[in-house]
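1. only geometry, no sequence info:
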């Protein structure tokens with residue numbers, strides 16, 4: 001599918017323009033649409049110190065094509081860190097990328113030919129849908145419930161495809177932890193079963209774990225990768241914990257996949273200077289304390305948002321209470337026009353994202369995504385109140 005002005009963009013801020021964002025510039029608006037981290041929790045002082053120290057340490061090497069020590073330090077740190085998610089990987093199974101989005105794009109380019117099929121969660125991350133379309137893929141969605149992807153439905157579809165001689169997907173794209181947009185998390189047994197299906201049917205899983213560190217309660221669960229490293233491509237990023245502007249993520253995948261991805265990048269790594277800075281930071285900074293700060297703040301904001309939704313909507317909006325991540329996914333009665341509700345909400349001074357961009361088929365869906373990471377608790381409550389007023393105005397027009 002060729003990119004046109006009607007396509008959804010690769011960038012979170014651009015996608016909001018496509019769904020009608022017009023009042024974000026208003027300083028009085030409450031921005032519950034932004035999938036951004038809390039600005040005051042980004043480690044500006046530590047990064048400033050790390051930048052100075054890294055440039056002093058590696059001097060002009062930091063400014064060369066391959067950089068100095070930084071890229072190697074980041075790689076070693078990441079491979080060690082991922083063990084908390086059950087990932088044991090060799091260095092030749094690692095690739096640094098310009099954020100998780102580039103990892104998705106590279107996976108699509110490596111694995112897909114035009115006309116081949118990708119299976120996704122319905123709903124799912126809209127930028128991933130855009131990249132799969134751009135690769136010429138056919139996209140089929142499978143339901144998400146309060147436990148994430150319905151693996152029973154996936155297994156039934158795989159069996160049916162084999163029995164009918166139909167095409168199997170080249171890969172299944174999933175977000176097991178605090179899924180965007182629903183906030184749902186996949187329990188251990190579903191992860192294990194999905195990995196077993198990948199091995200049995202010889203297909204890949206593309207596991208996007210952008211929010212895995214942001215768990216507010218409960219224990220971290222093993223990644224899908226941990227159950228089938230030969231069939232899973234795992235994506236991670238620093239965007240949600242240290243800052244999206246760093247544009248640094250990682251891919252962990254079988255060596256042959258990594259080799260082909262590296263060829264597509266012309267063996268040109270993400271900014272060596274950024275990796276010099278992060279390499280110094282990661283070995284001289286309390287990253288666990290940063291994660292604790294984020295999770296404490298986001299837990300309080302999630303609770304403020306869910307309390308406000310219950311107060312304003314009662315039984316009119318259903319949701320899964322997320323155990324982490326950034327998002328709350330509101331499900332309204334079927335007759336709700338989320339696009340119109342989105343516009344009414346903007347008129348009242350709160351930005352939200354309607355559900356249709358998160359579905360491969362598009363069209364109207366009675367869902368709204370809210371983000372609780374960006375705004376403070378008082379702003380969240382004000383924004384939900386404004387959304388409630390917009391909803392009941394919309395209800396009176398039906």
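-> On my side now, so go ahead. These numbers come from a predicted model, not from an experiment.

2. I'd assumed residue 211 was in contact with residue 325.
-> Yes - if you go by CB atoms under 8 Å, residue 325 and residue 211 touch, sitting 4.1 Å apart. Where you see a C-beta, it was placed from the backbone N, CA and C, and this is true even at glycine.

3. Now for the two: what residues contact both?
-> Common neighbours of residue 325 and residue 211 (criterion: CB atoms under 8 Å, 6 or more residues apart in numbering): 177-178, 180.

4. which stretches of the stretch 101-250 of the chain form strands?
-> 117-122, 138-145, 148-149, 171-174, 204-208, 232-237, 249-252 (DSSP state E, counting those that start in this stretch).

5. Dump those strands to TSV, plus mean neighbour count, mean pLDDT and distance to residue 360.
-> Below are those laid out as TSV (neighbours: other CB atoms under 10 Å; pLDDT from 0 to 100; distance: least, CB to CB, whole Å):
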stretch	mean neighbour count	mean pLDDT	distance to residue 360
strand 117-122	24	97	6
strand 138-145	17	96	4
strand 148-149	26	98	14
strand 171-174	28	98	11
strand 204-208	27	98	15
strand 232-237	26	98	19
strand 249-252	25	98	23
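
6. I'd like to know which of the ones you listed lies nearest to residue 156.
-> Residue 156 sits nearest to strand 138-145 of all these, at 9.8 Å, using CB to CB.

7. Contacts for that closest one next, please.
-> Strand 138-145 is contacted from outside by 115-124, 129, 132-133, 149-150, 153-154, 157, 169, 179, 182, 184, 359-361, using CB under 8 Å, 6+ apart.

8. Emit the PyMOL select command for whichever of these are buried.
-> Burial among these is assessed by 16 or more other CB atoms under 10 Å; the matching PyMOL selection reads:
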select buried, resi 116+117+118+119+120+121+122+123+124+129+132+133+149+150+154+157+169+179+182+184+359+360
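
9. Mark which of the contacts of strand 138-145 are part of helices, please.
-> Using DSSP state H, 129, 132-133, 153-154, 157 are the members of these that sit in helices.

10. Of those residues, which pair is most distant in space?
-> Farthest-apart pair in those is 133 and 153; separation 22.3 Å (CB to CB).

11. For the longest helix seen in the chain, which helices and strands make contact with it?
-> Longest helix in the chain, counting residues (DSSP H): helix 287-313. Here helix 287-313 touches strand 327-331, helix 377-397, going by 3 or more CB pairs under 8 Å, 6 or more residues apart in numbering; DSSP states H and E.

12. Roughly how far does residue 342 sit from residue 391?
-> Between residue 342 and residue 391 the computed distance is 11 Å (CB to CB, to the nearest Å).

13. quick one: buried residues of stretch 243-250?
-> Of the residues in stretch 243-250, those buried by neighbour count under the rule 16+ other CB under 10 Å are 243-244, 246-250.

14. Now do the end-to-end distance for it.
-> 15 Å (CA to CA, to the nearest Å).

15. residues making contact with that stretch?
-> Stretch 243-250 has contacts (CB under 8 Å, 6+ apart) with 36-37, 42-43, 47, 74, 78, 94-103, 235-239, 270-271, 274-275, 278.

16. Model confidence for residue 191, exactly?
-> Per-residue pLDDT puts residue 191 at 98.

17. same check, this time on residue 268
-> What the model reports as pLDDT for residue 268 is 84.

18. and the gap between it and residue 253?
-> Look at residue 268 and residue 253: by CB to CB, they are 18 Å apart.

19. between the two, who's got more neighbours?
-> Neighbour count, other CB atoms under 10 Å: between residue 268 and residue 253, residue 253 has more, with 29 against 9.

20. What's opposite the closest residue to that one other than its chain neighbours in the beta bridge?
-> Spatial nearest neighbour of residue 253, chain neighbours left out: residue 233 (4.2 Å); criterion: CB to CB, 6 or more residues apart in numbering. Beta-bridge partners for residue 233, by DSSP bridges, are residue 206.

21. among the helices and strands packed on helix 287-313, which is the most enclosed?
-> strand 327-331 (a mean of 23; mean count of other CB atoms under 10 Å).

22. helix or strand right after that strand?
-> Per DSSP states H and E, the first helix or strand lying C-terminal to strand 327-331 is helix 338-348.
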